[in-house]
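Novice: mind folding the following:
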Amino acid sequence: MNQNPEISIIVPVYNMEKYLSQCVESIMAQTFTEWELLLVDDGSKDNSGTMCDEWAKRDERIKVIHKENSGQADSRNMALQMAKGRYIGFADSDDWTEPTMYATMLSTAKQHDADIVICGYWDEYTNKSKVYNDDNYIVEYTRDEALERLIYDNEIRSYLWDKLFKREVLTDEMPKGMIFEDYAIMPRWFANAQKIVSVHVPLYHYRQRRGSTIYSDPAKTRYMFFRAEQMRCKFLIEKSIMPGRAEEWQAYLCKVGVQESKRIAREIKDKVLALRYIESIAQELKDFPESVTSLLTKKTQRRLQRLVNNPKRFYATLRFSRLFVMGGKTPEKDLYEK
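Specialist: Numbers count the residues shown, from 1 in each chain. Model prediction:
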């Protein structure tokens, strides 16, 4: 076995015996062979850990790390410390790759001297697939061009699995104990890159399933997305990324805060639970000056003002409007409790 593989592929595993074979076997079937696969068993309670060990016996390029359950971010951080590859790729244990994925991305990285390469992908639902970036061309970005698109979720998304990274850009660990750790860390890694290339060929299959982490607790998920956005904003400002645009980043954070509070109000029937998160977001947004809030649309400004001035009224109004639109019953009076 090559002791210095070109690519290290990191896959955190937790109770994935149903899907794990498809993921691992798709990596083993890669046309590019100079890789190592780091399977991190995060304290699985099913047969996943044993399955990982069996694959390691079959292929010396596969290494297994067994650890107590501490979350995907900690699993990935641990694997990064052990990875020997010049390039780093990530995959989720319930997804799968096209056979040419890493050959295509590595050759693109070398041909264009890119620090990060992005590929197209499929969202895989139970009865359908939806493809993204399948028009078969290549786009080059400078650091700032890519960062702007990443921040605004325009052309470049904050996923881990559709990217190949040069090892040296991954200088910061992922934040532990949170959902959307990939979303929170991505601007830090992109800020270390000089050139980013997107190859518009779909090479990864992302499985959309209701049992995944982001669907298990919708109120917490919405709140943690806001917290991840807050971490991104703080980093951009503290490190003076694209100086002179700090108020723009803060305005975008306000927009996300209003958006996620609105979604919590409309989706979560439990008033106490919903208000716990809505009031937390309101507290974080209450002190932004007019120079920031004036960058928002008039509609978002009004919603922001309602949110920070009276979170309970904000929740009640949106719950009522949802019930009205959905043809539901008139909400109970205590919904309007002040």
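
Novice: tell me where this protein has helices.
Specialist: 20-28, 48-58, 72-82, 101-112, 143-151, 181-191, 213-216, 218-238, 246-267, 271-285, 290-293, 298-309, 311-325 (DSSP state H).

Novice: as TSV, the ones you listed with mean neighbour count would be great.
Specialist: Where C-beta positions appear, they are placed from N, C-alpha and C, glycine not excepted. TSV is the format used below for the helices of the chain (neighbours: other Cβ atoms under 10 Å):
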stretch	mean neighbour count
helix 20-28	19
helix 48-58	16
helix 72-82	20
helix 101-112	19
helix 143-151	19
helix 181-191	23
helix 213-216	12
helix 218-238	19
helix 246-267	21
helix 271-285	18
helix 290-293	14
helix 298-309	16
helix 311-325	17
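
Novice: which one of the ones you listed lies closest to Glu173?
Specialist: helix 72-82 (4.7 Å; Cβ to Cβ).

Novice: how about the helices of the chain in CSV, adding mean pLDDT and distance to Val40?
Specialist: Formatted as CSV, the helices of the chain follow (pLDDT from 0 to 100; distance: least, Cβ to Cβ, whole Å):
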stretch, mean pLDDT, distance to Val40
helix 20-28, 98, 12
helix 48-58, 97, 9
helix 72-82, 96, 4
helix 101-112, 98, 19
helix 143-151, 96, 26
helix 181-191, 97, 14
helix 213-216, 58, 15
helix 218-238, 95, 21
helix 246-267, 96, 30
helix 271-285, 97, 30
helix 290-293, 97, 40
helix 298-309, 97, 39
helix 311-325, 81, 39
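
Novice: any chance of the ones you listed in a markdown table, plus distance to Ile10?
Specialist: Below are the helices of the chain laid out as a markdown table (distance: least, Cβ to Cβ, whole Å):
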| stretch | distance to Ile10 |
| --- | --- |
| helix 20-28 | 11 |
| helix 48-58 | 13 |
| helix 72-82 | 4 |
| helix 101-112 | 13 |
| helix 143-151 | 20 |
| helix 181-191 | 12 |
| helix 213-216 | 17 |
| helix 218-238 | 20 |
| helix 246-267 | 28 |
| helix 271-285 | 31 |
| helix 290-293 | 38 |
| helix 298-309 | 38 |
| helix 311-325 | 40 |
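
Novice: mind giving me the domain split of this protein?
Specialist: Taking automatic domain parsing as the reference, the chain has its domains at 7-207, 217-336.

Novice: distance between the ends of the first one?
Specialist: Terminal residues of domain 7-207 lie 23 Å apart, using Cα to Cα, to the nearest Å.

Novice: Ser291 reaches Ala246, doesn't it?
Specialist: No - using Cβ atoms under 8 Å as the test, Ser291 is too far from Ala246 to be in contact (10.1 Å).

Novice: one step back: quick one: closest of the helices of the chain to Asp92.
Specialist: helix 20-28 (7.4 Å).

Novice: what does that closest one rub up against?
Specialist: For helix 20-28, contacts defined as Cβ atoms under 8 Å, 6 or more residues apart in numbering pick out 9, 11, 13, 16, 35, 37, 39, 48, 51-52, 55, 59, 62, 91-99.
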